[in-house]
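Colleague: Build the 3D model from these lines:
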Amino acid sequence: MKIPLSWLNDYVEVQDVPVAELAERLTLAGMEVEAIETIGYPGAELPWDPQLITTAEVLAVRPHPDADRLVLVEVNYGGPEHEIAVTGAPSLYARQGESDLHLKVAFAWEGAMLYDGHAEGFVQRKLKATKVRGVLSRAMVCSQKELGLADVHGDIIYLPDDTPVGVPLTQVLGDYVLDFEIKGPFGHLQCVYGIAREVAALLGRPLKRTPLEAVARLGMRTVEQPDFVDLAIPDPDLCLRYTATLIRGVQIGPSPLWMQLRLQRAGMRPINVIVDITNYVMLELGQPLHAFDYAQIRPRSAGGKPAISVRRAAPGEQMRTLDGELRTFDGEMCLITDGGGPIGIGGVMGGLESEVQETTEDILLEAANFAFLNIRRTAQLLKLSSEAGSRFGKRVDPELALVAGARAAELMADLAGGTVVPVAGDLYPGKPAPVALTYVPALAERILGVTLPLEEQRRILTALEFQVTGAEEGPWEVSVPSYRLDVRRPVDLVEEVARIYGYDRFPPTLIEEALPPLRRNVSLEEEERVRDILVGLGLDEIISYSLIDPDDEGRLIPSGARFAFPGEAVRLHNPLAPERSQMRRTLLPGALRTARNNLRFVERIAIFEVGRVHYRRAVPNPAAGQTGIAEPRHLSLLLTGPRQGQWFEPTDRSPLDYFDLKGLVEVLLERLTLADKAQWERRAHPAFHPGRCARVVIAEREIGYLGELHPLVREAFDLPEQPVVLLEWDLEALLDVARDAEAGKHVGALSPYPPVHEDLALIVDEATPALEVQRTLIQAGNPLVTRALLFDIYRGPQIGAGKKSLAFALTYQSPGKALEEKDIEKLRGRLIKVVEKQLGAKVRSA
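Modeller: Numbering: from 1, shown residues only. Next up is the predicted model:
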């Protein structure tokens, strides 16, 4: 939300407060100012030189002596003589030959830095004196684009008639814009007046005016059924209040410059005076409004008066909205209808048929309060976002409806020449009961730990429009204003007092008592240990969304494959978006999407994630603390791309494969003292490439799968054509068996005798797992064979079809003596004899 400082100054005096200081005060009070945009002043992208860019007045327009589309303007800039400037501004061209005009404009002298009005985007250039078709021009009258106030080149700026001549333009159009990020459902802070009220409380200054004044000036009164419209709310749970005001005889045209600039600075595009007024009041007071062309509102029956009804949509009912899209509604959506059908979506967007046109003469102004949860749901399902829907979604005070309607009607009378009918229609079925709280000022000290003066507490609450009565020392009876829909307990009043007083003013206090003893969280420590190991192996940790697109699970299972997740999926009833509608049952979609997104910028990905998955248990066990939803921790890991980056010399550009992943896993298992306990089984999984997938089991518990991604799954996730290897493991199971292994671990004495290293290459059947050969070697040589590391696999014509050569680096070491050559030969012979007998292996000689 963007608020120009000049607009804020209409309600509370802030011109003497440095803008950075004001932003800091607001941020500390809970209204975070993300950025400050400077317009015209030093620090802006285009600062306006106060000597070269000023106000001026055009006195006369004369034809150019040698150009058909240009004119000469006589300008009074406040100097001793008038200046002649050449311009092609359409509005001035149309007035050539006129004099005694006194049109106030923005004026720039040679040397001024301006944006090029005819260039694409914002290109700065220095204004230079030049002859234009024989006439010297040293200055120019400026458009909004040339001053950086608009992104489209248009006509020149005309300033108000009372603008002084010859003053720096910053005094008239310069401004600062505060960009807020209001977190939470605080509708009362989504407007200029709401922020001004907070500023007044923070600075201890009075408000210059209040919105209620518009109702008094118009002499507005309300009835449920006015003469000009028949109002009905068949579904009052959808609409707490609906007001309708009639303004007759309006003239549709552009809004004045001051309103256009404020709308633009607040991030909205000016359209016409009527629509601009509704947007202006919404930004000013926080109440969304909608203007209907009164002539297009149909009666319920022939000869009747125009009718408005707020009701639920009939399933399948349709309407074309202001954006031109045909919308189809379900039976829970809130519609504004007339006698012929829908003319608007309550609190979201109006209908095209009743839109204000250039020929519109009478305006029916809607100011209503709709059920915010229904609006959120409707906007999400229709994928239709709007400023009105955003504000209703954060809750709006129902009492604002009449006030905002009167304010907008008054502006339509002033700016569009309309006449306001002083009787408004007002149906108010959802009027909330007033809230009163008993507040003991000493509660603030007990909660905050500091003593706040009683008079300061009362001042703060009163400045925020709480009505406070009672003795000075308390207790106080506090009436909560209708706009504070979030204040319902005395502790909420303490929060209001504290944030306006300023948390930064609280003195630092040391804790008097000793800190409580820390309790170990063994489960978290084990999880962090796994993270540390993987980071140390060069992997980057990711955190993906717990909410996923249900279609992503389908992408993991190629057509025709069968796979059962551990439980039924947990879905959201009202998701923010379809792609965030289900709790994940697997970490793989998050890893694959992260890889896809990052492969646009880098060529090598090595990532892991530790996170929870969610699914419904088939049979919960409350006695064991089980709920209906299981949330176990999982571990995912993904590798893809070349083994080495281009910066290595020599460079290994071969792709990462299953064995790279297996190597990382073996290190992880070794660090967790599980390397000798893991069983690697060749198993199929639909997400993995057939024949390139393994299941890991430890202590008869399935840990998970690892392997190369199935090509069809890779295509489904739009990944490039290169190997992608990954795993997903049950981290709970892994940590459980690691904990058991740690408890049973025995540390023996280190051998004082040197180890012996030698290589052994064995030819085995293609179907024989390397892990089985490794375990056989270690078991056959126990306790002398302390390590058998596979370092090469070879297939080729030298060893025959259906065979492979596995080369192991063996380590021999005796705990009792130094091994001699005869001991090594005897041990080698035993190893070869065992693998030949048990595995049918043969020693490869060359």
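
Colleague: any idea which helix is longest in the chain?
Modeller: Longest helix in the chain, counting residues (DSSP state H): helix 821-839.

Colleague: other SSEs contacting that one?
Modeller: strand 756-765, helix 770-780, strand 803-812 (3 or more Cβ pairs under 8 Å, 6 or more residues apart in numbering; DSSP states H and E). The way it works is simple: take the backbone N, C-alpha and C, and place the C-beta from them, glycine included.

Colleague: what inclination does the next helix or strand after the longest one have with respect to strand 756-765?
Modeller: What it means is helix 770-780. Downstream of helix 770-780, the first helix or strand assigned by DSSP states H and E is strand 785-794. Put simply, strand 785-794 runs at 50 degrees to strand 756-765, going by axes from the mean of the first three to the mean of the last three Cα atoms, to 10 degrees.

Colleague: helices or strands up against strand 785-794?
Modeller: Using 3+ Cβ pairs under 8 Å, 6+ apart as the test, strand 785-794 ends up in contact with helix 770-780, strand 803-812.

Colleague: can you rerun that using 10 Å?
Modeller: Identification of packing neighbours for strand 785-794 by 3 or more Cβ pairs under 10 Å, 6 or more residues apart in numbering; DSSP states H and E yields helix 658-671, strand 756-765, helix 770-780, strand 803-812, helix 821-839.

Colleague: now the helices for the stretch 301-450 of the chain?
Modeller: 372-382, 387-392, 400-416, 442-448 (DSSP state H, counting those that start in this stretch).

Colleague: Of all these, which one is nearest residue 76?
Modeller: helix 400-416 (28.1 Å; Cβ to Cβ).

Colleague: got the buried residues for that closest one?
Modeller: 400-413, 415-416 (16 or more other Cβ atoms under 10 Å).

Colleague: what does stretch 217-233 give?
Modeller: Of all the residues in stretch 217-233, those buried under the rule 16+ other Cβ under 10 Å are 218, 220, 222, 226, 228, 229, 230, 231, 232, 233.

Colleague: What of stretch 240-256?
Modeller: Buried residues in stretch 240-256 (16+ other Cβ under 10 Å): 240, 241, 242, 243, 244, 245, 246, 247, 250, 252, 255.

Colleague: Which pair of those spans the longest distance?
Modeller: The most widely separated members of these are 240 and 252, with 31.3 Å between them, by Cβ to Cβ.

Colleague: Please identify the buried residues of stretch 37-57?
Modeller: 37-40, 44, 46-50, 52-57.

Colleague: Now do that stretch: distance from first to last residue.
Modeller: This stretch, stretch 37-57, spans 29 Å end to end (Cα to Cα, to the nearest Å).

Colleague: what's the spacing between it and its chain's center?
Modeller: 34 Å (Cα atoms, centre = their mean, to the nearest Å).

Colleague: count of residues packed around residue 569?
Modeller: Look at residue 569: counted by other Cβ atoms under 10 Å, it has 16 neighbours.

Colleague: scratch that, residue 34
Modeller: 12.

Colleague: Residue 319 is nearest to which of the helices of the stretch 301-450 of the chain?
Modeller: That would be helix 372-382 among those, by Cβ to Cβ, at 10.8 Å.

Colleague: for the closest one, packing partners?
Modeller: Contacts defined by 3+ Cβ pairs under 10 Å, 6+ apart place helix 372-382 against strand 326-328, strand 334-338, strand 341-345, strand 349-350, helix 387-392.

Colleague: at 6 Å instead, please
Modeller: On a contact count with 3 or more Cβ pairs under 6 Å, 6 or more residues apart in numbering; DSSP states H and E, helix 372-382 meets helix 387-392.

Colleague: and the residue nearest to residue 365 when sequence neighbours are not counted, how far is that from residue 424?
Modeller: The shortest distance from residue 365 to any non-neighbouring residue, by Cβ to Cβ, 6 or more residues apart in numbering, is to residue 245 (4.4 Å). According to Cβ to Cβ, to the nearest Å, residue 245 stands 5 Å off from residue 424.

Colleague: now swap in residue 172 and tell me
Modeller: 36 Å.

Colleague: quick one: which of those two has more around it?
Modeller: The residue with more neighbours, out of residue 172 and residue 424, is residue 424; 26 against 19, by other Cβ under 10 Å.

Colleague: Return the residues in contact with that one.
Modeller: 220, 222, 243, 245 (Cβ atoms under 6 Å, 6 or more residues apart in numbering).

Colleague: Just the closest of the residues you listed to residue 538, please.
Modeller: residue 243 (64.7 Å).

Colleague: The closest one pairs with what?
Modeller: residue 367, residue 426 (DSSP bridges).

Colleague: thought it was touching residue 401?
Modeller: Yes: if you go by Cβ atoms under 6 Å, residue 243 and residue 401 touch, sitting 4.8 Å apart.

Colleague: Quickly list what's touching both of those two.
Modeller: residue 367.

Colleague: Kindly report the domain assignment for this protein.
Modeller: Using automatic domain parsing, the domains assigned to the chain come out as 2-40+177-210, 53-173, 219-427, 437-505, 522-743, 756-843.

Colleague: centre of the chain versus the fourth one, how much separation?
Modeller: Taking Cα atoms, centre = their mean, the mean C-alpha location of domain 437-505 is offset from the chain mean by 33 Å.

Colleague: again with the last one
Modeller: Mean-position distance between domain 756-843 and its chain equals 58 Å (Cα atoms, centre = their mean).

Colleague: Endpoints of it, how far apart?
Modeller: OK, domain 756-843 end separation, Cα to Cα: 20 Å.

Colleague: again, but for the first one
Modeller: For domain 2-40+177-210, the first and last residues are 21 Å from each other (Cα to Cα).

Colleague: could you give the mean pLDDT of that domain?
Modeller: Model confidence over domain 2-40+177-210 averages 93 on the pLDDT scale.

Colleague: Show me where the stretch 401-550 of the chain has its strands.
Modeller: For the stretch 401-550 of the chain, applying DSSP state E, counting those that start in this stretch gives strands covering 419-420, 423-427, 435-439, 467-469, 476-480, 540-541, 547-548.

Colleague: Which strands or helices does the third one pack on?
Modeller: When contacts are defined as 3+ Cβ pairs under 6 Å, 6+ apart, strand 435-439 sits against strand 476-480, helix 490-501.

Colleague: switch to 10 Å and redo it
Modeller: helix 454-463, strand 467-469, strand 476-480, helix 490-501.

Colleague: Buried by neighbour count: which residues of the third one qualify?
Modeller: So that's strand 476-480. Buried residues in strand 476-480, counted by 16+ other Cβ under 10 Å: 476, 478, 480.

Colleague: Tell me who's in contact with the second one.
Modeller: With contacts defined as Cβ atoms under 10 Å, 6 or more residues apart in numbering, the neighbours of residue 478 are 435-439, 458, 461-462, 466-470, 487, 490, 493, 496.

Colleague: Look up which residues are beta-bridged to it.
Modeller: residue 437, residue 468.

Colleague: okay, and for the stretch 601-750 of the chain, where does confidence drop off?
Modeller: 623-626, 645-651, 745-747 (pLDDT under 70).
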